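S.K.: missing the sequence, but the structure's below:
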């Protein structure tokens, strides 16, 4: 689809929509290999965005939900500014997702341990979703600074305590 | 020939100082690679088409995606 768009094919829009309609039933098309359907959907959505069609933007959020790392969801992250610009109703949700993704990336990549601690705290207490809790908990095994590791561990405990009344929400991440 | 094509497209993709204009022969090589049995060559050809907006590939691409549409009916 990206190639069709690049060469200015008038059929790009029609084929991109047809591709999205059929990829679940026929992920291989006639290409001889099985791509990751969600990634392909987001890439086709990116082409549709360029043509001014924003009807399939939900695939972008679906990818952000399913892939926690920045790298794996980069196609979706790249489209967030377009959603902010062109779909006013989704602006707030998009900004939150963008901030969340940035924080998650910083947690793994920032070289200053105290900043990683602040980032973990932000993820837990500013966003505070089930997925954020799991993300920080998974990150903890990779934290090399033992002091910071203990502090983040304590944040995770605090976080669990503050939401204890809603036990069902976290039953899968204890 | 295949190695030349893949090498060529890799150079095109990563060398920003490389000439932005393709010769007819280079374009034909890329179009040929679009129908190669290897997915890697087809992928490299698609990347080159996108990067250099090789409009000569339009018919071939439309047929390719038209087929996907038919397969899915």
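M.R.: Cool, the structure landed. Computed from a prediction, not measured in an experiment: that's the story for all the values here.
S.K.: Nearest residue to the middle of chain A?
M.R.: residue A:64 (2.1 Å; C-alpha atoms, centre = their mean).
S.K.: Just want the phi and psi numbers for the spatially closest residue to residue A:23 that is not a sequence neighbour.
M.R.: For residue A:23, ignoring the flanking residues on the chain, the nearest one in space by C-beta to C-beta, 6 or more residues apart in numbering or on different chains is residue A:37 at 5.3 Å. Where C-beta positions appear, they are placed from N, C-alpha and C, glycine not excepted. Residue A:37 adopts backbone torsions of phi -60, psi -40, taken as degrees, to the nearest 10.
S.K.: Next, work out how far apart the residue nearest to the centre of chain A and residue A:13 are.
M.R.: In this structure, residue A:64 and residue A:13 are 24 Å apart, going by C-beta to C-beta, to the nearest Å.
S.K.: about what we covered before: surely the residue nearest to the centre of chain A and residue A:104 touch.
M.R.: No. Using C-beta atoms under 8 Å as the test, residue A:64 is too far from residue A:104 to be in contact (10.3 Å).
S.K.: so residue B:41 sits right up against residue B:33, yeah?
M.R.: Yes. Between residue B:41 and residue B:33 a contact is recorded at 4.6 Å, counting by C-beta under 8 Å.
S.K.: quick one: which of these two has more around it?
M.R.: Remark: of residue B:41 and residue B:33, residue B:33 carries more neighbours, 24 against 20, as counted by other C-beta atoms under 10 Å in any protein chain shown.
S.K.: Give me the neighbour count for residue 26.
M.R.: No chain in the question, so chain A it is. 13.
S.K.: hm, I was asking about chain B
M.R.: Using other C-beta under 10 Å, residue B:26 has 18 neighbouring residues.
S.K.: and what of residue B:25?
M.R.: By other C-beta under 10 Å, the residues close to residue B:25 number 8.
S.K.: I'd like to know how far it sits from chain A.
M.R.: 19 Å (C-beta to the nearest C-beta, to the nearest Å).
S.K.: does that residue sit in a helix or strand, and which one?
M.R.: Assigned by DSSP states H and E, residue B:25 falls within helix B:24-33.
S.K.: do the same with residue B:48
M.R.: When elements are defined using DSSP H and E, residue B:48 is found to belong to helix B:39-52.
S.K.: low-scoring stretches of chain B, by residue?
M.R.: For chain B, the stretches flagged by pLDDT under 70 are B:1-20, B:68-73.
S.K.: Compute the inter-axis angle for the helix holding residue B:25 and helix B:39-52.
M.R.: Calculated by axes from the mean of the first three to the mean of the last three C-alpha atoms, to 10 degrees, helix B:24-33 forms an angle of 130 degrees with helix B:39-52.
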